[in-house]
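Visitor: Okay, here's the prediction I keep looking at, along with the sequence it came from:
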Amino acid sequence: MAIVAGVDFGTLSVRVTIVDTGRGRLGTGITEYPLHRKKEDPNHATQSHADHMRALGEAVQKAVASAQISGNQIAALAIDTTGSSVIPVGEKLEPLGAYYLWCDHRSWREAALITETARRCKLDVIDWCGGVYSSEWGFSKLLHWLRHNPDLRDRFVTAFEHCDMVTAVLCGITEPSLSPRSICAMGHKWLWNESLGGLPPEDFLVAVDPGLKGVREKLNGRYATSDKLAGTLSPDWAPKLGLRCGIPIPIGAFDAHWDAVGAGARTGDIVNVVGTSTCIIAMSEETRLIPGVCGVVPGSVHPKKTGVEAGLSATGDIFEAIARRAGTTVHVLSQSLASYSAGQTGLLRLTWDNGDRTVLVNPELGGITFGWNLANTPQDELFAAIEGTAFHTRVILERMEKFGVPIRRVINSGGIPQKNMVLNQIYANVLNKPVLIPKSDVTSLGSAIFAALAAGAFRTIEDAQAALCPAYRVVEPEPEAARVYEDLYALYSELYFAFGKPDAPAAKLGNVLPTLRRVAAVAKGIA
């Protein structure tokens, strides 16, 4: 038995959960930090390392107080974060600027250049991240920073993913060659592939841009899965957190990947981690290429299985934007949605408001809504947006299943499914599969599980899941709604590829609006 702390850095806050491996969750602490955006540049999204570390200290103290324990009782600590959230550093890991957050898309030109160069140079590893490099990933963000900060290049020593930076700082590591490098982060976002020799070769990076010369060597460190230790809590940071010096800290990872573990995922499960965006996580016993899927990485979720990552670049962010434009909140808009029927709004929404992460991997796409009429309301738009994210999720799951990823169960995790049962029902109807929702919030539970492993409280991840993961509520598909969505999905799929691919063949779309009107009329009983 042990008491451990799981840390989850999200887009807007850090959550620390204290877990007793015999009794379960004891307490939680949450502290927010600012996200810096610019009205004149919607692609800009940054955060401060100092803000993150201040918030971490506050959240740990809140969690310890909530759990009614002493910080000295905590036996291990584990960290997950968003990603790719990248920070350039100088000597002794001094930040040279802000984090380029995962949702910062300023590097879309650099991402396109990496993709074009990889194809020209026949770089094998590009196929393992879906064939297209993204502005949400590490090399493109770093290249953008190097191009736009020439005065800081001489001080640049290396760059870190957020999960690795926080872990290194907490362990008191100041030498990059000794720093932890998460295989989850580097494999999914930095083209790292152990079977292909690690990071891409130097000559490829220089072919992308001479400014990347020497960067491969600078991204050195201890590459490992999260069953390995990064180090122990340093004498400097132990009193700042109110914890014991020397407790173990494992190699970190991305939040969605550990959320899947906290949701109880096993091989054959798909986990939709639905929050500001959606990360779709699966595990497989085999390692296979999946076109358009943003990462197939052995060891990235479960250290002994192949992790598969896909997702939507915006989900909750779209819902919030709709509510903001209407001068209200998502909670208020959602109150009447339980009475809506499948397709009754007459709207069909392509939810590309923040680009497409999977399967088109194109940040330059924008949201499209078909079927507007003068009577449509903000509630209609929100309902159609939820349907749209469900349709997009189905596109992704079909791609994964086509290329050998088993789909035995669908689990909706993350913050939104805990408080929006309308979304869960729509997903069950669109996917025409039962959807499982953990009966309690699992955010930061995955990190607590890896902390428990580091403390020696469990022998395997599966043992920890059996002891700590909550049971599920099951939402079954409604047959009539599923039939309606089957027709609408055929339209959605056609529109998705017709508008999303630059080289798409001409499509006959004259049936789209009449079909939407017919479906809406039937749903309202006025056909």
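Guide: Nice, I can see it. Residues are numbered from 1 along each chain as shown.

Visitor: what domains does the record give for the protein?
Guide: Domain assignment for the chain by automatic domain parsing gives 3-255, 266-441+478-527.

Visitor: a markdown table for these, including mean neighbour count, distance to T460 and mean pLDDT?
Guide: No exception for glycine: its C-beta is placed from N, CA and C like everyone else's. Formatted as a markdown table, the domains of the chain follow (neighbours: other C-beta atoms under 10 Å; distance: least, C-beta to C-beta, whole Å; pLDDT from 0 to 100):
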| stretch | mean neighbour count | distance to T460 | mean pLDDT |
| --- | --- | --- | --- |
| domain 3-255 | 20 | 10 | 96 |
| domain 266-441+478-527 | 19 | 9 | 93 |
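
Visitor: Tabulate those domains in CSV, adding columns for distance to F458.
Guide: CSV is the format used below for the domains of the chain (distance: least, C-beta to C-beta, whole Å):
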stretch, distance to F458
domain 3-255, 7
domain 266-441+478-527, 13
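
Visitor: Spatially, which residue comes closest to G131, not counting chain neighbours?
Guide: The shortest distance from G131 to any non-neighbouring residue, by C-beta to C-beta, 6 or more residues apart in numbering, is to P291 (5.6 Å).

Visitor: residue contacts, the one you found?
Guide: D127, G130, G131, V359, R399, F403 (C-beta atoms under 8 Å, 6 or more residues apart in numbering).

Visitor: any idea how far it lies from A282?
Guide: 16 Å (C-beta to C-beta, to the nearest Å).

Visitor: Check which helices and strands the longest helix along the chain sits against.
Guide: With secondary structure taken from DSSP state H, the chain has its longest helix at helix 378-402. On a contact count with 3 or more C-beta pairs under 8 Å, 6 or more residues apart in numbering; DSSP states H and E, helix 378-402 meets strand 269-274, strand 278-284, strand 306-312, helix 316-325, helix 330-334, strand 348-350, helix 421-431, helix 479-500.

Visitor: Name the surrounding residues that touch the shortest one.
Guide: Looking back up the chat, that one is strand 348-350. With C-beta under 8 Å, 6+ apart as the test, strand 348-350 has contacts from 365, 367-371, 381, 384-385, 387-388, 392, 488, 491-492, 495-496, 499-500, 512, 516.

Visitor: Starting from that strand, tell me the next helix or strand along the chain.
Guide: strand 368-370 (DSSP states H and E).

Visitor: Contacts for that next one next, please.
Guide: L347, L348, R349, L350, W352, E381, A384, L495, F499, V512, L513, L516.

Visitor: again, 10 Å this time
Guide: For strand 368-370, the external contacting residues (C-beta atoms under 10 Å, 6 or more residues apart in numbering) are 345-353, 376, 380-381, 384-385, 388, 491-492, 495-496, 499-500, 509, 512-513, 515-516.

Visitor: Doesn't T276 lie inside a strand?
Guide: No - under DSSP: H, G, I helix; E, B strand; the rest coil, T276 sits outside any strand and is assigned coil.

Visitor: pretty sure it contacts T389?
Guide: No - contact status for T276 versus T389: not in contact, 12.0 Å apart, counting by C-beta atoms under 10 Å.

Visitor: hang on, F204 is in a helix, isn't it?
Guide: Yes - assessed with three-state DSSP, F204 lies in a helix.

Visitor: what's the spacing between N193 and S84?
Guide: 16 Å.

Visitor: Quick one: residues contacting the closest residue to M186 other than its chain neighbours.
Guide: The shortest distance from M186 to any residue other than its chain neighbours is 3.9 Å, reached at W192 (C-beta to C-beta, 6+ apart). For W192, the contact set (C-beta under 10 Å, 6+ apart) comprises 125, 128, 138, 181-183, 185-186, 198-200, 219, 223, 297.
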